[in-house]
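Chemist: one predicted model, sequence on top.
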Amino acid sequence: MKILIIGGGGREHAIAWRLAKEGHKIYAAPGNPGIAEIGTNLHATGLDAAKAVDPDLTVVGPEAPLAQGIVDQFRAAGLPIVGPTRELARLEASKIYAKVLMQRLGVPTARFVLVENVEAGIEALSQFHPPVAIKADGLATGKGVIIARTIEEAEAAVRTLGPRLVIEEFLSGEEASFIVLSDGRRFTAFDVSQDHKTLGEGDTGPNTGGMGAYSDGRILGSSEVQRVIDTIIEPVISTTGFTGFLYAGLMMTSSGPRVLEFNVRLGDPEAQAILHRLDDSTDFAGALLQSATGSLREQLRSKFDPSVCVVLAASGYPGKPRTGDPIQGISECRAQVFQAGTRIGSRGIETAGGRVLGITASGRDLSSAISNAYAGVEAIHFDNMQYRRDIGRKGLKRWPPATIEATGT
């Protein structure tokens, strides 16, 4: 098949890498230097890109085109495309929309208040005891949430993120990313992954778009997986007819899973980890086409081997990242290098964004996967490179190296 991928980040490189392994011809708009090694980057966007290559299938990576209605446009033109309609993309594009839907369907989530202006937000804080989560309503590239530890911090967060906000109770537990592919009626799940949102080790520092992720079949037990499906995934898909990738960001609390947020696309960097684990027996392109055409039969199957993705970020990220620094070591790296914020400059490949590379590796157990990923990191250099040194280590505390079979969601 000829497959068009919309986007140019690490997630899109991972999608392209997997589909190229299956023998498909890859186009990307706009793509990146890593994708250019296995496919063709296009200067055109949206329908113009599709007209240029006449793809058999289009896959949308980032959330912004989905929120702008790219799926509606392609369907109106009779072109198969993976993703939700503009209306259902509001599950990610509007936290208020998502909370209202969760409340209507009885999907477990944190207690919350919706406000439309800063004054109402300040007043609503009296209904919560710190810490409290302050969430901007719209898209914020993973940086629209502030966990306030004091009332003073909460008031400042309301002023920073307002006016339209979700204010909700702080949930304790361990986070998990649960992602399924749906055709509007049926769905199939990837193995669970876990993102690392903050810049610093030990979940400290400012929120980012994600500093790394790991995927391991033992993050959730089979009964927990079934509970997520029964109380969260199934109600949303059966009620709305959602198509594409539905991503439930979960907090596994003492009383069960609670939804922190919905995303309407593959996570980044979760995609790098879960696609690296995808079993060779899985026809990923076939599953995507079936999702786009309402005929999903293919099941997503993962290898037992856990996988780890470590994000290398530019100096200044997540504020104002520095660009133009040459990157050394990509060709020598023995791990899989997924490019994100890169470009071709006068000195070769150089930094061009905040999150620059995703160094991804698997191993016979989680400890081995972590070691293999960080061995790959050691091969890479650019000035003032930032990365976390504890990606996946929560899993080691919960599950020491073992040889038991994965749950195989």
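Modeler: Here it is on my side, so go on.
Chemist: is it true that Arg159 lies in a helix?
Modeler: Yes: checked against DSSP: H, G, I helix; E, B strand; the rest coil, Arg159 lies within a helix.
Chemist: go ahead and confirm it touches Val118.
Modeler: Yes: the pair Arg159 / Val118 is scored as a contact, 5.8 Å apart, by Cβ atoms under 8 Å. Using the backbone N, CA and C atoms, a C-beta is placed for each residue, glycine as well.
Chemist: the more surrounded of these two?
Modeler: Val118 (17 against 13; other Cβ atoms under 10 Å).
Chemist: now the strands: where do they sit in the stretch 251-400 of the chain?
Modeler: Counting by DSSP state E, counting those that start in this stretch, the stretch 251-400 of the chain has strands at residues 256-263, 307-313, 336-339, 342-345, 348-351, 355-362.
Chemist: so which of these is nearest Gly249?
Modeler: Closest approach to Gly249 among the strands of the stretch 251-400 of the chain (Cβ to Cβ): strand 256-263, 4.5 Å.
Chemist: now do the closest one: distance to the chain's middle.
Modeler: In terms of Cα atoms, centre = their mean, to the nearest Å, the centre of strand 256-263 is set 14 Å apart from its chain centre.
Chemist: got a list of contacts for that strand?
Modeler: Applying Cβ atoms under 8 Å, 6 or more residues apart in numbering, the external contacts of strand 256-263 come out as 63, 91-92, 95, 98, 102, 107-110, 135, 171, 173, 175-176, 224, 227-228, 231-232, 236, 245-251.
Chemist: now swap in stretch 80-93 and tell me
Modeler: By Cβ under 8 Å, 6+ apart, stretch 80-93 touches 56-60, 63, 66-72, 74-75, 97-98, 101, 138-139, 181, 236, 240-246, 261-265, 288-289, 291-293.
Chemist: which members of those residues occur in helices, if any?
Modeler: Among the contacts of stretch 80-93, DSSP state H puts 63, 66-67, 70-72, 74-75, 97-98, 101, 236, 240, 288-289, 291-293 in helices.
Chemist: need the buried ones from these selected in PyMOL.
Modeler: Buried residues within these, by 16 or more other Cβ atoms under 10 Å, are selected in PyMOL with:
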select buried, resi 63+66+67+70+71+72+74+75+97+98+101+236+240+288+289+291+292
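Chemist: show me where the stretch 101-250 of the chain has its strands.
Modeler: Using DSSP E, counting those that start in this stretch, strands in the stretch 101-250 of the chain cover 112-115, 132-136, 145-148, 165-169, 174-183, 187-189, 193-195, 198-200, 204-207, 212-215, 243-253.
Chemist: Throw these into TSV and include distance to Gly353 and mean neighbour count, thanks.
Modeler: Formatted as TSV, the strands of the stretch 101-250 of the chain follow (distance: least, Cβ to Cβ, whole Å; neighbours: other Cβ atoms under 10 Å):
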stretch	distance to Gly353	mean neighbour count
strand 112-115	33	20
strand 132-136	21	23
strand 145-148	21	19
strand 165-169	28	23
strand 174-183	22	22
strand 187-189	30	20
strand 193-195	18	24
strand 198-200	15	17
strand 204-207	17	14
strand 212-215	16	30
strand 243-253	22	23
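Chemist: as CSV, those strands with mean pLDDT and distance to Glu155 would be great.
Modeler: Supplementary listing: the strands of the stretch 101-250 of the chain in CSV, determined by pLDDT from 0 to 100; distance: least, Cβ to Cβ, whole Å:
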stretch, mean pLDDT, distance to Glu155
strand 112-115, 98, 13
strand 132-136, 96, 9
strand 145-148, 92, 8
strand 165-169, 97, 11
strand 174-183, 97, 26
strand 187-189, 98, 40
strand 193-195, 97, 28
strand 198-200, 96, 22
strand 204-207, 90, 19
strand 212-215, 98, 32
strand 243-253, 97, 24
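Chemist: and Glu87, how many neighbours does it have?
Modeler: Residues near Glu87, counting by other Cβ under 10 Å, number 13.
Chemist: what does it show for phi and psi?
Modeler: The phi and psi values for Glu87, taken as degrees, to the nearest 10, are phi -60, psi -50.
Chemist: for this protein, what helix or strand is lowest in average pLDDT?
Modeler: Taking mean pLDDT, DSSP states H and E as the measure, helix 393-398 is the helix or strand of the chain with the lowest mean score, a mean of 88.
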